[in-house]
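>>> could you look at this predicted model? Sequence included:
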Amino acid sequence: MSSTASSSASAPAIPRPAAVAVLTAAALAAGLLAGSAPASAAAEPGVRIHDIQGTTRVSPLAGQPVADVPGIVTGVRTYGSSRGFWFQDPGGDGNPATSEGVFVFTGSGSTPTVKAGDSVLVSGTVAEFVPGGTSSGNQSLTQITRPAVTVVSAGNALPEPVTVAAWTVPGAYAPAGDPAAGGSVNGLRLDPRRYALDYYESLEGTNVRIGTSRIVGASDPYSELWVTVKPQENPTARGGARYGSYESQNTGRLKVQSLVPLAEQPFPKANVGDVLKGTTEGPLDFNQFGGYTLAARGLGTVVDRGLERERTRPQTKNELSVATYNVENLDPGDPQEKFDALGRAVVENLASPDVLALEEIQDNTGAKNDGTVAADQTVRKFIDAIKAAGGPAYDWRGVDPENNKDGGEPGGNIRQVFLFNPERVSFTDRPGAGATTATGVVREGRTAALTHSPGRVAPADAAWESSRKPLAGEFSFRGKKVFVIANHFGSKGGDESLTSHRQPPNRSSEVKRLAQAQAVNAFVKDVLAVDRKADVLVVGDINDFEFSATTKALTAGGALYPAVKSLPRADRYSYVFQGNSQVLDQILTSPGIGRFDYDSVHINAEFSEQNSDHDPQVVRFKP
């Protein structure tokens, strides 16, 4: 698994609708909420919601008590541990930079008793809560904590929702952060007419609505999906929103999550390119998992646009096809249905490639941390599923890692392996390599050869500490040598999100991937120094974009070319994160591979039902 347009997030250990409030409760206990007023402090009278929200991201009243703040309840969250409600001043101060709505956190186990339409007076303490903790880099959520609530009347009309649409969201994403504040935008006055993040922040807690919108991030197990209110903003060929540069954040993206408990109304299934038709309305929340979120009292209707899983064309007799596929923590304990689905995908969608590099193959006992490192049972079960689906009887090669030295799920020992069709291609075995053995390059006649095949590339290099080491293999196709290096670079964990309070966000994980790319680039250059016409493919989950410093380091000196750039821009993606379709999986070719046919085969990332969160990549060429 991986990434973000700017960061990577693993699935939380608790249901996502509850996660924010669990963090809130923990923050209350740990003192992460900004300012907790002493019990003796007197509440300032006459405070309105816009006074609490202020004209910057941080409330000018943070840490202070407030009393009898008036407003109308616009949304209530009664399930999970993120319980509370939003209320809004139906009048307001007329200042577009100050929100008229705010969230009231009633506690992790206290179900609010108010209802939408109640007129209330709220007393409590103003706080700034940072979802994910201050180290996450996230913006904070202004809220009232430890509330005392008086219901004045019921059944009132809700404040007229603010329409969020293509013509209301600015084209620029965010202002540059203040260098004197470490790049933070927290202290900057909001400019909602100029910047999208400022616009959304100026509506934090406000009742908003969107009209019919295209879905750019499929519904997931956490009952959420992503839409765009800007249909013309960087569209992909299949209905997504493409993240094609660090300046293409896609300002029209907005997460939608239901306020209605699943027991009362199941969340709809939706794929990228489907349409959320009609009006979706509710308060605008901010949480750890995607930032600004429309917490919907009522959802529009999902219209299925019939997105289909792609099928690549078969290779011709003289073409070698090489594919890469991250199969997401595969181990023998996974349901047979997953193996069967992955096997069918190899046969039906990937046209049974001659060589298939797999990422995230776990050991024979999966995440059980018992010292097992062998993965022969995992691979054999996968190969059997491919054969049962009508595919070839693949053979395979790999190198077992050291226990718990390659990152990923503890005990899982994920690694890359090669599958290959022995009826079409042969593997050149040069045995003797172990987990810590570095393969090298030597001259063999007029061509290059590996000292170990399969073998690992520079496993002792500090770049691969707690990360998957590249697996190199030497193949032969119709008498021609082909070198394939399978990779799974370090994840984006630790990167700040696109909605970070620091702008631009800190992408700290790039440091490791940059060093990894330099190590692989150096190895490819070793091969080309012996044979400049050698056919070398660098494949796998690079965990970085085609425009990133990582990719630039891989291609340095003309050693490699990112084959995804041969595709139309609207088709350059292999992963969808928070509504952004982006490149993480790549195949790069050496100069000797002058002509090739490349395909990013979209079968997972855009769909609510996935066998992996990555789309596989295929290249075909004549060695």
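Sure, I can see it. Residues are numbered from 1 along each chain as shown.
>>> next one, pLDDT for the residue lying farthest from the centre of the chain please.
Ranked by distance from the centre of the chain (Cα atoms, centre = their mean), the top residue is Gly445, with 46.4 Å. In this prediction, Gly445 carries a pLDDT score of 92.
>>> what ranges do the strands span in the stretch 151-300 of the chain?
162-163, 207-210, 213-217, 224-228, 253-258, 275-277, 280-287, 291-296 (DSSP state E, counting those that start in this stretch).
>>> kindly reformat those strands as TSV containing mean pLDDT, mean neighbour count and distance to Asp571.
Glycine gets a C-beta too; all of them are placed from N, C-alpha and C. Shown next, in TSV, are those (pLDDT from 0 to 100; neighbours: other Cβ atoms under 10 Å; distance: least, Cβ to Cβ, whole Å):
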stretch	mean pLDDT	mean neighbour count	distance to Asp571
strand 162-163	98	16	32
strand 207-210	98	23	27
strand 213-217	98	27	15
strand 224-228	97	27	18
strand 253-258	96	24	19
strand 275-277	98	19	21
strand 280-287	96	26	29
strand 291-296	96	23	27
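>>> can you redo those strands as JSON lines with distance to Val441?
Below are these laid out as JSON lines (distance: least, Cβ to Cβ, whole Å):
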{"stretch": "strand 162-163", "distance to Val441": "61"}
{"stretch": "strand 207-210", "distance to Val441": "56"}
{"stretch": "strand 213-217", "distance to Val441": "43"}
{"stretch": "strand 224-228", "distance to Val441": "45"}
{"stretch": "strand 253-258", "distance to Val441": "45"}
{"stretch": "strand 275-277", "distance to Val441": "53"}
{"stretch": "strand 280-287", "distance to Val441": "49"}
{"stretch": "strand 291-296", "distance to Val441": "46"}
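>>> I'd like the distance between Arg253 and Val104.
Look at Arg253 and Val104: by Cβ to Cβ, to the nearest Å, they are 27 Å apart.
>>> any idea what the closest residue to Phe596 other than its chain neighbours is bridged to?
What sits nearest to Phe596 in space, not counting adjacent residues and going by Cβ to Cβ, 6 or more residues apart in numbering, is Phe621, at 3.9 Å. Going by DSSP bridges, Phe621 is paired in beta bridges with Leu320.
>>> tell me how far Phe621 lies from Lys525.
Distance from Phe621 to Lys525, by Cβ to Cβ: 21 Å.
>>> which of these two has more residues huddled nearby?
Of the pair Phe621 and Lys525, Phe621 is the one with more neighbours under other Cβ atoms under 10 Å, namely 23 against 17.
>>> care to break this structure down by domain?
16-153, 162-303, 320-621 (automatic domain parsing).
>>> okay, how far is it across the second one, tip to tip?
Distance between the two ends of domain 162-303: 24 Å, counting by Cα to Cα, to the nearest Å.
>>> so how far is Gln516 from Gly171?
Taken as Cβ to Cβ, the span from Gly171 to Gln516 is 35 Å.
>>> so which of the two has more stuff around it?
Gln516 (29 against 12).
>>> which residues does the residue nearest to Phe596 contact?
Contacts for Phe621 (Cβ atoms under 8 Å, 6 or more residues apart in numbering) come out as Glu319, Leu320, Asp535, Thr589, Ile593, Arg595, Phe596, Asp597.
>>> determine how far the last residue of stretch 71-91 lies from the first.
9 Å.
>>> swap in stretch 228-246?
18 Å.
>>> same check on stretch 74-89?
10 Å.
>>> check the offset of that stretch from the chain's centre.
How far stretch 74-89 lies from its chain's middle: 27 Å, per Cα atoms, centre = their mean, to the nearest Å.
>>> and what of stretch 456-464?
26 Å.
>>> contacting residues around that stretch?
So stretch 456-464 is in contact with 399, 433, 435-439, 469-472, 485, 512, 515-516, 518-520, 522-523, going by Cβ under 8 Å, 6+ apart.
>>> sweet, I'm off.
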